[in-house]
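Asker: coords please:
(one chain, ligands or ions: 3)
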Amino acid sequence: MSANQPESIVGGKSYTAVAINCAAKAGEWIKSKMGSITQLDTKYSMHDLVTEVDKGAERMIRNLIGTHFPEHSFLGEEGVEPGPEASAKALQDLSEAEYLWIVDPVDGTTNYVHGFPFYSVSIALAHRGQVIVGVVYDPSRDELFVAERGKGAYVHGRKMQVSSEGALNQSLLATGFPADQHVALPANMKGIQALAPKVRNLRIAGSAALHLAYVASGRLSGFWEYNLNAWDIAAGSLLVEESGGRMSDITGSTYDLAVRNVTASNGLIHEELLEELHSAANT
Ligand code: IPD
Ligand code: CA
Ligand code: CA
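Answerer: Ligands and ions are numbered 1, 2, ... in the order given. Predicted coordinates:
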C-alpha cells in the first residue's frame, strides 16, 4: 500500500485480518451445515437458489464487520432484491461510500445444495470505489486466497502468480452458466461454442469467485462470464491483479465495481480471448 493510501489499522485489527476472520468463521459454519439445509428457495429464476445458510452467513459476516468498523458501508447479496437491475442500483446507491464491504456469503449455492464441493465465501473491501482487500475462502479444501492492494496475493501464505500460457490453444479457461436465461445465458453459450474448439479445455465449475482465485493462482489461464454482480467479482479481481493478471470487462475496458460482463486472465492471452468473445457475440 502506498503512503497516500488509507491506514488499514483501526482498533488494533487490520481490514485484512477482519476479512480473513469473517471468511474463515462463516466458511466453517457453512461447511458444518452442508447436507442439513431446511429452507431452499429460488430468487430471480429457477437457477438462482438461496438457503437459510446464505442468509445466516451474510448476517454473521455483516455483524462481525459492523463490530470492528461500524462506520463502514456494506453490500451483501442477500440484502439486495434479486435481479440485475436491483443489484446495479444497490451498488450505485453506495457509490459515494468511503469504505464499502462487498460480500457474497456463499458463491456457488447450487453446488453447496447438491454437495458438489466447489463453493466459496467472497469478501472485498473497496476504498472510494477501488478494491483494497480481497479474500476468497474455499471451505471444502480449506484454501484461503488473500490479496491486499500493492502487497501481492497469497494462498496458504505462498505468493500467487498467474500462469504463463501465451496462447489460447495452450489455455485452460473457465466460465459460468448465468442465472439470467434471456440475455446472459445465450451470450455465454456463443462464447462457449466459439472457444471450446480453440482452447486446451473449458471448465464450468459453478463459483465465479473461486474461478477468479484459480486464475490468480495459475490453475486457470482465464475466465469470462456475463451478468455477474459486484459481490461475485470484487474480491477475485484483486487476487487476479495482485498475482500479475489482467481484469477487464468483456470489451476490454478497465475493470471497476460496476462491471458485470467480466474477463480475467494471466494477461498474456487477454487480447486473444477478448477478440474471440467479440466475434462470438457478433455471430
Ligand atoms: C453464482 C456463481 C456461478 C455463476 C452465477 C452466479 P451464487 O453465484 O458465481 O458460478 O455462474 O452466475 O450467480 O448465486 O451461487 O452466489
Ligand atoms: Ca455469487
Ligand atoms: Ca451467493
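Asker: get me the contact residues on the stretch 101-250 of the chain for ligand 1.
Answerer: For the stretch 101-250 of the chain, the residues in contact with ligand 1 under the definition CB under 6 Å from any ligand atom are 104, 107-109, 176-179, 206-208, 225, 228, 232. Every C-beta, even on glycine, is put in place using the N, C-alpha and C of the backbone.
Asker: by pLDDT, rank those residues and give me the bottom one.
Answerer: Ranked by pLDDT, those bottom out at A179, which has 76.
Asker: any idea how far that residue lies from H47?
Answerer: In this structure, A179 and H47 are separated by 5 Å, where distance is defined by CB to CB, to the nearest Å.
Asker: who has more neighbours, these two?
Answerer: For A179 against H47, the residue with the higher neighbour count under other CB atoms under 10 Å is A179, and the figures read 21 against 14.
Asker: just to check, the more buried one is in contact with V50?
Answerer: No. With contact defined as CB atoms under 8 Å, A179 does not reach V50; the gap is 11.2 Å.
Asker: I figured T16 was touching G134, is that so?
Answerer: No. Here T16 lies out of contact with G134, judged by CB under 8 Å, at a distance of 9.3 Å.
Asker: what do those two both touch?
Answerer: V146 (CB atoms under 8 Å, 6 or more residues apart in numbering).
Asker: neighbour-wise, which of the two wins?
Answerer: Between T16 and G134, counted using other CB under 10 Å, G134 has the larger neighbour count: 33 against 18.
Asker: which ones are touching S237?
Answerer: Neighbours of S237 in contact, by CB under 8 Å, 6+ apart: 124, 131, 134, 212, 247, 255, 262, 264.
Asker: so what pLDDT did it get?
Answerer: At S237, the model reports a pLDDT of 98.
Asker: now M60
Answerer: Per-residue pLDDT puts M60 at 98.
Asker: same thing with the one 5 residues further on?
Answerer: The predicted local confidence for I65 comes out at a pLDDT of 98.
Asker: same question, the one 3 residues further on
Answerer: Here, the pLDDT recorded for H68 equals 96.
Asker: that one touches K13, doesn't it?
Answerer: Yes. Using CB under 8 Å, H68 is in contact with K13, at 5.5 Å.
Asker: more neighbours, those two?
Answerer: Neighbours per residue, other CB under 10 Å: of H68 and K13, the larger number sits with H68, 17 against 14.
Asker: returning to that earlier point: near ligand 3 too, which of the residues of the stretch 101-250 of the chain next to ligand 1?
Answerer: Among those, the ones lying close to ligand 3 by the criterion of CB under 5 Å from the ion are D104.
Asker: of the residues of the stretch 101-250 of the chain next to ligand 1, which is the most crowded?
Answerer: If you count neighbours using other CB under 10 Å, the busiest of those is D104, which has 33 neighbours.
Asker: now that residue: how far from A17?
Answerer: Here the criterion is CB to CB. By it, D104 lies 20 Å from A17.
Asker: okay, how far is it across stretch 132-149, tip to tip?
Answerer: Stretch 132-149 has its terminal residues 5 Å apart, counting by CA to CA, to the nearest Å.
Asker: close to ligand 2, is that stretch?
Answerer: No. Applying CB under 5 Å from the ion, one finds stretch 132-149 separated from ligand 2 by no less than 11.2 Å.
Asker: buried stuff in that stretch?
Answerer: Buried positions in stretch 132-149, judged by neighbour count with 16 or more other CB atoms under 10 Å: 132-140, 143-149.
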